[in-house]
Every structure is written in structure tokens, then in C-alpha cells.
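K.L.:
next comes the sequence, and after it the predicted model I'd like to discuss.
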Amino acid sequence: MHPSKRIAGSEGDVLAGKKVVLGVCGSVAAVKAPGIARTLMRRGAEVVCVMSPGSEHFIGAGLMHWATGNDVIMGITGKTEHVELFGSKKGEDCEGCADLLLIAPATFGTVGRIANGMEHGAVDLMAACTLGAGIPVMIAPAMHESLYKNQMFSENVRKLEACGVKFVPPRLEGGKAKIAMPDEIAAFVGREIGKGAGALKGKRIVVTAGATREFIDGVRFISNPSTGRMGVEVAKKAWQMGAEVTLVAGHLDVEVPRYVKKLDAGTVEEMADAVKSCKAEAYVLAGAPGDFEVGGGVRKGKMDSKKAAELKLKPTPKIADSVKKWHPGAKLVVFKAESEAAGLEEKARKRMKECGADLAVANVVGGGRGFGEVKSEVLLIGRQGSKKVIGTKAEIAGALLAELAAYLGR
């Protein structure tokens, strides 16, 4: 085994067992290709690289051989590489066929040629063969912004989208349409061919995440240590499984990817209003809305820190108690955190009964556990049974959404 392949699956198995052909075109963004390949591999994929003649001005085949651990295709030879990889769908007399063609970066010229049935080199021919076989094609463009906004380019994109081609939108910065980041490209690939892809297709999912802030005066507030990581991972995984996702976000310490729609909600009231206004088939309340607010309202201005002050706290409304009233028929997932393990499942089931939840995720927090951790241990509780899930929050999100998909299918 090539040493580079040892990274396979080091960041999850969403693409395990999948073969991705990475087409690299003649753009300066070709220097990003090794990182894209390695990101796909870390999620379990095998990657084979095919390079256009123009790409050799920016990177060499030796680099991509190192990155992928596979020989690089520089042109079509007597091996008929395009037929070997994309002659037909997997399982249809094509044992070694790939699951997806990813062209990243794709240039203005490459997109135009593919859209109009023209061929100049191995990448173009691979795309033509892939479209003919009905295998997924994904394109991540990179070019100057004026080229990206060219009407002919837009027409070619629409033409290819009508054929089922998926585009990963670039980042418009400094007059450039810069190629999407490797993690984002890998997420799009996962949504197309990854583990669980399509399981939530057509479903609308609302996820809450992060801590709210209940203000004491104009500058001070009561909050909690939630980073929002769990909710963000649920939103990302639900999107990867094909859902239309809305993330209602309090204060977050983690980044939300561009492909997830985000609504900001600073307080419990704002979070509740957002959940109420969003129509969906399922609501996953992974957020950490504050349990208390200051009685008598927010003090004006800034309180004098040299003077003693007394605060009277009153409970905030529980969002979970109202979801089934606002959205009858929707599925509800609640999170239950306790400071001790004793009676955890019983307390979670009591909470489920109170608010009519279909699923609950229960865990122990405090003392360095729960908040901010990448790895965690939870109880995933359904109406009929429960199971322990230990892993990263991304893995826990996957287990939770697999259960939710089954509930939504009933």
C-alpha cells in the first residue's frame, strides 16, 4: 500500500468504499488539488487524479501521485482510462468504475467545452463519458470574477445543471471567484455519494445551536459554556443527508459552513420566535437556551460595578414545550443534560413525555465534560429503547439523524 493511503478514513467514513476521480484543470487554483484529494481520502474515499495539459504549468504529476497514492492520468492511452473509470455505472460490467467525477479547479474553458460537447484532453473526455454513463459529475470553478459573471459561462452552467451536474459555488473575494475550501468541496461530494446521502432528501430540518445571552444591563449578560458544536454538526450532517436545513444559532464558537442557512438568535425569545416561524418536518433542539432571565427586565445603561446589586432570576419559557403546538405532526428531538449519570435516562424520558418529543439525546455535563468537547458519550433515547453512542460529535450527529430518518419514514 502506498504510504499516503494510510490517512484514509482518519476523519470519518462518510466516503468509505467510494472512488472519486479528481480532474485538475489549468488554473493557479490547481495548487489546492492535493489538499482536496487528501480531504476526500481522510473521509474514506479512494482518489484517482486526471490532469489537463494546462494544469502542468502549476503542479506536477509527481505531487498528485504522492497526494493520492495512485498513478496520475495525464492523457488517454491504449488503456482507455475514460472507459475503465466511466464506461458504465458501477455494477454494470464495470467493476473498477468510479462513483463520481469531481473537476476542481474547473476553468472557464473547461466548463464551456463540457457544456457544448467539445473535448480537448483527458478531463473533458472523462466528463463526456461520465455524463453518458449517468454517473454524478461535480464541478468546483475557479477563475477571475469577470469570467465567472460572463453570460456565456452562466448559460453553460445552466446547461450542465439541466444534465444533473452539481456545482460547488466559489468564494467571491478580491475580484476573484476563488475555489471553495477543501472541507466544503468534500461536503458536497458527501451529499452526492456519501454514507446516508439522500436519506433526508426533501425533508426540512430546523436545528438550534449555541448559547443564548440574557442581558442584565446594557453590557452584561447571563449565559452558559455551550460552543454550539453539537448543533452545527447536526446541521452539517442533515444537509449531507439531503435535507433542507435551517440553523437557528445563538452564540457559537464554531464556524457554520456557507451551505447551511443560518438565522441568528441572541436570546431565548429570539430563538423561540425563529423556531416558531420556520416550518419543517423535524426540529432538533441541540441549542442551549438560557434557563433564567433577570426579573424586572434589562437594566438601562451599565450598572455601577462598585455598588452591590441583587438580581432576581425567573425561568425562561421552554422552547421544547411549544414546538408540537406550533408545528403539529412534526418530529421533535430534545437534548437533556444533567450533572450526574444517575437517573439520566429516566429524567430524559420524563422530559420527552412533557413536551411530546420523539427522540432524546441525554448526557452528563460539567466538570470538564460535555461543553466544548469534540468527543462525547450520550444516550440516544427513542420511545421504544435506548442505546449508548460514543464518538465525536459528528459521529453522534450521524447516529441521531439515522434514527430521525427512520422516524420520518414511518
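P.N.:
Ah, there it is. Numbering: from 1, shown residues only.

K.L.:
and the host helix or strand of E395, what's buried?
P.N.:
Assigned by DSSP states H and E, E395 belongs to helix 393-408. Using 16 or more other CB atoms under 10 Å as the test for burial, helix 393-408 gives 393-405, 407-408. For glycine as for every other residue, the C-beta is placed from the backbone atoms N, C-alpha and C.

K.L.:
centroid residue for the chain?
P.N.:
K236 (2.9 Å; CA atoms, centre = their mean).

K.L.:
now that residue, what's its secondary structure?
P.N.:
Secondary structure, DSSP: H, G, I helix; E, B strand; the rest coil: K236 is helix.

K.L.:
could you do the one 3 residues further on as well?
P.N.:
W239 carries the three-state label helix when classified by three-state DSSP.

K.L.:
ok, it to V334 distance?
P.N.:
21 Å (CB to CB, to the nearest Å).

K.L.:
more crowded one of the two?
P.N.:
Neighbour tally, W239 and V334, criterion other CB atoms under 10 Å: the higher count belongs to V334, 26 against 23.

K.L.:
hang on, that one packs against E354?
P.N.:
No. Using CB atoms under 8 Å, V334 makes no contact with E354, being 9.4 Å away.

K.L.:
sorry, back to before: show the contacting residues for the residue nearest to the centre of the chain.
P.N.:
Counting by CB atoms under 8 Å, 6 or more residues apart in numbering, K236 touches A187, P257, V260, A394, A397.

K.L.:
which among these gets closest to E338?
P.N.:
A397 (20.4 Å; CB to CB).

K.L.:
tell me the pLDDT of K312.
P.N.:
We have a pLDDT of 88 for K312.

K.L.:
residues contacting the closest residue to it other than its chain neighbours?
P.N.:
Closest residue in space to K312, ignoring its immediate chain neighbours: G295 at 4.0 Å, by CB to CB, 6 or more residues apart in numbering. Contacts of G295 were listed using CB under 8 Å, 6+ apart, and they are L311, K312, L313, K314.

K.L.:
which stretches of the stretch 301-410 of the chain form helices?
P.N.:
320-326, 344-355, 393-408 (DSSP state H, counting those that start in this stretch).

K.L.:
correction: the previous question concerned the chain.
P.N.:
For the chain, helices defined by DSSP state H occupy the ranges 33-42, 61-68, 81-86, 108-115, 122-133, 145-148, 151-162, 182-193, 229-240, 268-277, 320-326, 344-355, 393-408.

K.L.:
buried stuff in the second one?
P.N.:
If you call a residue buried by 16+ other CB under 10 Å, then helix 61-68 has these buried ones: A61, L63, M64, W66, A67, T68.

K.L.:
residues contacting it, please?
P.N.:
4, 22, 24, 33-34, 37-38, 41, 47-49, 51, 71-72, 74.

K.L.:
rerun at 10 Å
P.N.:
2-5, 20, 22, 24, 30-31, 33-38, 40-41, 45-51, 55, 59-60, 70-74 (CB atoms under 10 Å, 6 or more residues apart in numbering).

K.L.:
which of these are buried?
P.N.:
Of the contacts of helix 61-68, these count as buried by 16+ other CB under 10 Å: 4, 20, 22, 24, 30, 33-34, 36-38, 40-41, 45-51, 55, 59, 70, 72-74.

K.L.:
coming back round to it: any chance of JSON lines for the contacts of K236, columns distance to G174 and pLDDT?
P.N.:
Listed next are these as JSON lines, based on distance: CB to CB, whole Å; pLDDT from 0 to 100:
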{"residue": "A187", "distance to G174": "24", "pLDDT": "97"}
{"residue": "P257", "distance to G174": "21", "pLDDT": "97"}
{"residue": "V260", "distance to G174": "24", "pLDDT": "97"}
{"residue": "A394", "distance to G174": "32", "pLDDT": "93"}
{"residue": "A397", "distance to G174": "34", "pLDDT": "96"}
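
K.L.:
dump the residues you listed to CSV, plus distance to L85.
P.N.:
Formatted as CSV, these follow (distance: CB to CB, whole Å):
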residue, distance to L85
A187, 23
P257, 29
V260, 32
A394, 30
A397, 32
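
K.L.:
between the residues you listed, which is nearest L200?
P.N.:
A397 (12.1 Å).

K.L.:
so that closest one makes contact with A286?
P.N.:
Yes. Taking CB atoms under 10 Å as the definition, A397 is a contact partner of A286 at 8.6 Å.

K.L.:
shared neighbours, the two?
P.N.:
Joint contacts of A397 and A286 (CB under 10 Å, 6+ apart) are V207, R229, M230, G231, V232, E233, V234, A235, V361.

K.L.:
pipe those into a markdown table and attach pLDDT per row.
P.N.:
Listed next are those as a markdown table, based on pLDDT from 0 to 100:
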| residue | pLDDT |
| --- | --- |
| V207 | 98 |
| R229 | 94 |
| M230 | 95 |
| G231 | 97 |
| V232 | 97 |
| E233 | 96 |
| V234 | 98 |
| A235 | 98 |
| V361 | 96 |
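
K.L.:
can I get the helices of the chain in a markdown table with distance to L102?
P.N.:
As requested, the helices of the chain are exported to a markdown table (distance: least, CB to CB, whole Å):
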| stretch | distance to L102 |
| --- | --- |
| helix 33-42 | 8 |
| helix 61-68 | 12 |
| helix 81-86 | 12 |
| helix 108-115 | 13 |
| helix 122-133 | 10 |
| helix 145-148 | 19 |
| helix 151-162 | 14 |
| helix 182-193 | 6 |
| helix 229-240 | 16 |
| helix 268-277 | 35 |
| helix 320-326 | 39 |
| helix 344-355 | 42 |
| helix 393-408 | 21 |
